[in-house]
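Asks: 3D model of this:
(2 chains)
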Amino acid sequence: MLVNDPAAAHWPFDPSRVELALEFRRRPRGPHGDSLQKLLHRMRWNGDAERGARWILVVVEPNRRWMLAELPFRRNQPVRTFPNEIFTSLAEAEWEVFKRRWAALAGNPLPESIADAPAGT
Amino acid sequence: MPVPGAVDTTAILGYALPLTVSPGEEVRFHLSSPAIARAEAAVARVRCADPDPDGPGLKLVFPGTPIDGVVPLREQPLYPGSCAIVPDAPALAALSGFTAGAFLWPTAPGLDYAGTIAQTVLARWCEETKRGWRLGLDAEGRPEFVVADGTGSWRAVSPHPLLEREWVLLGGSWDPAAREVRITVRSLDPQSGRDRSATVAAPGPAALSWPADTVLTMAGHAAAAGPSPRVIGLYDGKLDRPRLYAAPLPPDALHRLCEALRPDAGDPLLLAAWDLSEGMDTDRVRDRSANRLDGTLLQMPARAMTGANWDGSTRGWTEAPWQYGAIHFHRDDMADAGWEPDLRLTVPADWRPGFYALRLRARTEGAEPVESFVAFFVRAPVGRPSARLAFVASTATFLAYANSALRLDQVHAEAMLEGLIALSPDDVYLQSHRELGLSTYDTHNDGSGWKVSTAARPILNMRPRGATFNYGNDTHVLDWLEHFGETYDIVTDEDIDRHGVGVLRPYACVITGSHPEYVSRPMLDAFDAYQRGGGRHIYLGGNGFYWRIAFHPERPHAMEVRRGMIGLRTWEGEAGEDSLAFTGEPSGTWRTNGRPPQRLVGVGFDAQVFTASAPYRWLDGARDPALAWLTEGIDLDAPLGEFGLRGGGAAGIEVDRVEPTLGSPPGLVWLATADRLGYGGVPVPEESRTLHRGMMGDQNARVRADLVFFTTAGGGAVFSTGSIAYACALTCKDYENNVSRLTRNVLRRFLDPSPL
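Replies: Numbering: from 1, shown residues only, chains lettered A, B, ... in the order given. Next comes the predicted model:
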């Protein structure tokens, strides 16, 4: 059988490389440098294994409003929505999930100076 | 639960049959809602199905019909899972000591599906009265054989849970003289830790009273008596050469009986010897014994599967059908919801062909108003066109993607899409409602691929407000045509498959949409004959004419694909299972079947790109004065399509390339290319001769979208854009942009009968 291994993305995460977070904040849709591409691949491939789920968005209003949600890894388990976490831009949603994933990998949140950095496009 | 604050698109669901109708014909709407008692129905002609406010937005026209108004609703359940039912017969009811056996390749022993773990393989068992006999796997995945008559129950169970995807001989027998029941398991490959062989006897009765009026079943057992019970205790896996013999048999004799392709029908003790290699394209299972205990399959399990005796000497079942006597049953197969119709509409004779949908509204004042659609298509009657232009509804592709759970289930989805997954309320519903049946992109609960898709069930992503891919994207082309006042007919893939080139021939020009990926041989022959016969074909898409499929020869709106060992496949079929059960033809990509898309439309699928779409740049071919009609009003020094609703450009998502070695015509004019797709341009797997770095679009000039034109025999011509994103650039800048202008130039010229 041809299967994908959810644990296959094993690029080593280095919590000191906060410049990669800044790069993502400035250009969430890219193009990205080589290291940021690898970091994003690791985050996106694995999902959020510690939660048994993947951070996702649910469309509330097409191309205008999105809600943070969790997609369980197991089929048939309902999507869990977070009605108070609403985004009006995909870039803000990407940044929010990036911060959560960074914190999960590093064991600590991003430094405030970076977490609060101004958005790019 | 609806998504808070969003339009509820799933509180009411339904499907339309037939999926495609001509004016004057009746379409039936099969509806269900567990919670809403009545809805406001209205039939709409769909101009744009995509509600994105950055594009044309949802555009529906309501002609007014007799069924517009309040429709009462009821819940109609879905019962997924395939099985076989053999009608009750005197020979079954009179059974005394006997043996039931088969070869088995279980795919989910001991695994839960919808709250049930135990799985029945072969039975004449009534669950309501708990009487009969049953051969199967218990909740630990161990083979068991049970007989019961209401006064007692006797069971023999093997100590070893079965392994997934390993063949075993399985048998259960009752010996009244010895007062014994017995389970026999023999691993066909007992080496290296795989052996699960065992023979276990347990006390049994001297006599039994069987249940009356109870069907015999394969891959499940009857919930109740009667000729058409609901079947429960379903089974995931293959079943090969099931047998029923009117005497207890020792293991060697059982093995010989199951191995024999045609056991002696004159043996009076042979009760049944089913040959599942007969009638691959039917829902019949054939018994070769003198009793003729033929049965019927429900919910279309996978046929033409390799049996325990497949030896690798062939990969096509038609060459050695006796090696393909297995059926793979799935507990989640869903081919026919079986709902009763709630509304019937005779399509008025004066309706224009088009994409149509029944809209159902309820709770319109609430925070989550209900607005759900059921799609259908209105064609011009075959051979009686009402326009000079036809748009092909890619119904084979719509079915292939029907209820795709790719973004829900597949590990790679977020990495492939280069960003957070954004689920629609339909996707959220599908995550916890797998009973709808999934798409041919998905895997069944047991990990095997979905090979068959039908329209006799609700399809969430082929309707307005649904996912934009395919159906939604194609309506951007329809909206663009309507904006410029072009009159068009709709023809469907299935009509082309059934009726051939006669469906296309009446039209001066035919447009295929954003992603006509799935094509049967009759369809490909029809497009080829149309082009050679002077037809003019505009292909406004990417990754077209890629997979070889078949429609079912008789059953409407059912298609089949086998994903072989090559191609951009989200699952891989088992070795030897490359050929279609529906027709016996090889499946896989058209490239591996000797007819790459480049031969038909000049370009063929070469890469995906989800990071960002790009513009094309014009090439010298476009500057030929003979093509001034094509480029009129367009600045050839400016990028083509530096905008678009899919990734911000006209070239992206899935893209096609000119490739002479795969059949791009020598007379082709290479008009433009988008060959700077960046690192997000990922080539398809069949593009790699070997493994090396440097294959992505930032380093690889063969990762690109090409735009081409060529003429064919008899005054025909082809214009291809080689990009899925192209269709969603047409309407940008209020329809006045260079992609729109180019396409209008081509359409105007293609509709002009003067020679090219």
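
Asks: Give the next helix or strand downstream of the least confident helix or strand in chain B by mean pLDDT.
Replies: One helix or strand of chain B scores below all others by mean pLDDT, DSSP states H and E: helix B:90-93, with a mean of 92. Going down the chain from helix B:90-93, the next helix or strand is strand B:98-106, by DSSP states H and E.

Asks: helices or strands up against that following strand?
Replies: In terms of contacts (3 or more C-beta pairs under 8 Å, 6 or more residues apart in numbering or on different chains; DSSP states H and E), strand B:98-106 is packed against strand B:119-126, strand B:131-137, strand B:168-175, strand B:237-245, helix B:251-259, strand B:326-329. Just so you know, the C-beta spots here come from the backbone N, C-alpha and C atoms, and that holds for glycine as well.

Asks: Switch those over to JSON lines; also include mean pLDDT, distance to chain A and mean neighbour count.
Replies: Formatted as JSON lines, the helices and strands packed on strand B:98-106 follow (pLDDT from 0 to 100; distance: least, C-beta to the nearest C-beta, whole Å; neighbours: other C-beta atoms under 10 Å in any protein chain shown):
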{"stretch": "strand B:119-126", "mean pLDDT": "98", "distance to chain A": "18", "mean neighbour count": "27"}
{"stretch": "strand B:131-137", "mean pLDDT": "98", "distance to chain A": "20", "mean neighbour count": "25"}
{"stretch": "strand B:168-175", "mean pLDDT": "98", "distance to chain A": "19", "mean neighbour count": "26"}
{"stretch": "strand B:237-245", "mean pLDDT": "98", "distance to chain A": "14", "mean neighbour count": "26"}
{"stretch": "helix B:251-259", "mean pLDDT": "98", "distance to chain A": "26", "mean neighbour count": "17"}
{"stretch": "strand B:326-329", "mean pLDDT": "98", "distance to chain A": "13", "mean neighbour count": "28"}
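
Asks: which parts of the least confident helix or strand of chain B are buried?
Replies: Burial within helix B:90-93, assessed by neighbour count using 16 or more other C-beta atoms under 10 Å in any protein chain shown, is assigned to B:91-92.

Asks: pretty sure A:E19 is in a helix, no?
Replies: Yes: using DSSP: H, G, I helix; E, B strand; the rest coil, the assignment for A:E19 is a helix.

Asks: tell me the pLDDT at it?
Replies: We have a pLDDT of 97 for A:E19.

Asks: rewinding a little: CA atoms of the least confident helix or strand of chain B as PDB?
Replies: Provided in PDB are the C-alpha atoms of helix B:90-93 (Å, rounded to 0.1, in the frame of the first residue of the first chain):
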ATOM      1  CA  PRO B  90     -35.300 -25.200   0.400                       C
ATOM      2  CA  ALA B  91     -31.800 -26.600   0.100                       C
ATOM      3  CA  LEU B  92     -30.700 -24.000   2.700                       C
ATOM      4  CA  ALA B  93     -33.600 -24.500   5.100                       C
END
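
Asks: which residues sit against it?
Replies: B:86, B:124, B:210, B:212, B:216, B:271, B:291, B:293 (C-beta atoms under 8 Å, 6 or more residues apart in numbering or on different chains).

Asks: Stretch B:562-577 too?
Replies: A:1-2, B:304-306, B:310, B:312, B:314-315, B:406, B:410, B:440-443, B:448-449, B:451, B:546-547, B:578-580, B:587-589, B:591-592, B:605, B:608, B:684-686.

Asks: Would you mind checking those residues for buried ones?
Replies: Neighbour counting by 16+ other C-beta under 10 Å classes B:304-306, B:310, B:314-315, B:406, B:410, B:440-443, B:448-449, B:451, B:546-547, B:578-580, B:587-589, B:591-592, B:605, B:608, B:684, B:686 among the contacts of stretch B:562-577 as buried.

Asks: filter the residues you listed by proximity to chain A?
Replies: B:410, B:448 (C-beta under 8 Å from any C-beta of the partner chain).

Asks: Would you list the phi and psi of B:F527?
Replies: Per-residue torsions, B:F527: phi -60, psi -40 (degrees, to the nearest 10).

Asks: What's the local residue count around the residue lying closest to it once chain neighbours are set aside?
Replies: Nearest-residue entry for B:F527: B:L600, 6.0 Å, with adjacent residues in sequence omitted and distances by C-beta to C-beta, 6 or more residues apart in numbering or on different chains. B:L600: 24 surrounding residues under other C-beta atoms under 10 Å in any protein chain shown.

Asks: what residues are up against B:L600?
Replies: B:L600 touches B:524, B:527-528, B:531, B:545, B:718, counting by C-beta under 8 Å, 6+ apart.

Asks: quick one, domains of chain B?
Replies: B:13-78+B:338-377, B:85-329 (automatic domain parsing).

Asks: which bits of the stretch 501-650 of chain B sit near chain A?
Replies: Proximity of the stretch 501-650 of chain B to chain A, by C-beta under 8 Å from any C-beta, involves residues B:569, B:571-572, B:611-612.

Asks: Output those residues as a markdown table; include the columns secondary structure and pLDDT.
Replies: Formatted as a markdown table, those follow (DSSP: H, G, I helix; E, B strand; the rest coil; pLDDT from 0 to 100):
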| residue | secondary structure | pLDDT |
| --- | --- | --- |
| B:R569 | coil | 92 |
| B:W571 | coil | 94 |
| B:E572 | coil | 93 |
| B:T611 | strand | 96 |
| B:A612 | strand | 97 |
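
Asks: And the helices in the stretch 401-550 of chain B?
Replies: B:406-409, B:413-417, B:425-431, B:473-483, B:493-499, B:521-532 (DSSP state H, counting those that start in this stretch).

Asks: Apologies, that question was intended for chain A.
Replies: Ranges of helices in chain A, per DSSP state H, are A:18-26, A:34-46, A:90-106, A:112-115.

Asks: Tabulate those (CSV), appending mean neighbour count.
Replies: Compiled in CSV, these are given as follows (neighbours: other C-beta atoms under 10 Å in any protein chain shown):
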stretch, mean neighbour count
helix A:18-26, 18
helix A:34-46, 19
helix A:90-106, 18
helix A:112-115, 12
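
Asks: Make CSV out of the ones you listed and add distance to B:A367.
Replies: Converted to CSV, those look like this (distance: least, C-beta to C-beta, whole Å):
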stretch, distance to B:A367
helix A:18-26, 33
helix A:34-46, 32
helix A:90-106, 22
helix A:112-115, 32
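
Asks: and chain B, which of the ones you listed is closest to it?
Replies: Smallest distance to chain B across these (C-beta to the nearest C-beta): 4.2 Å, for helix A:34-46.

Asks: Is the closest one positioned near chain B?
Replies: Yes: using C-beta under 8 Å from any C-beta, helix A:34-46 reaches chain B at A:37, A:41, A:44-45.
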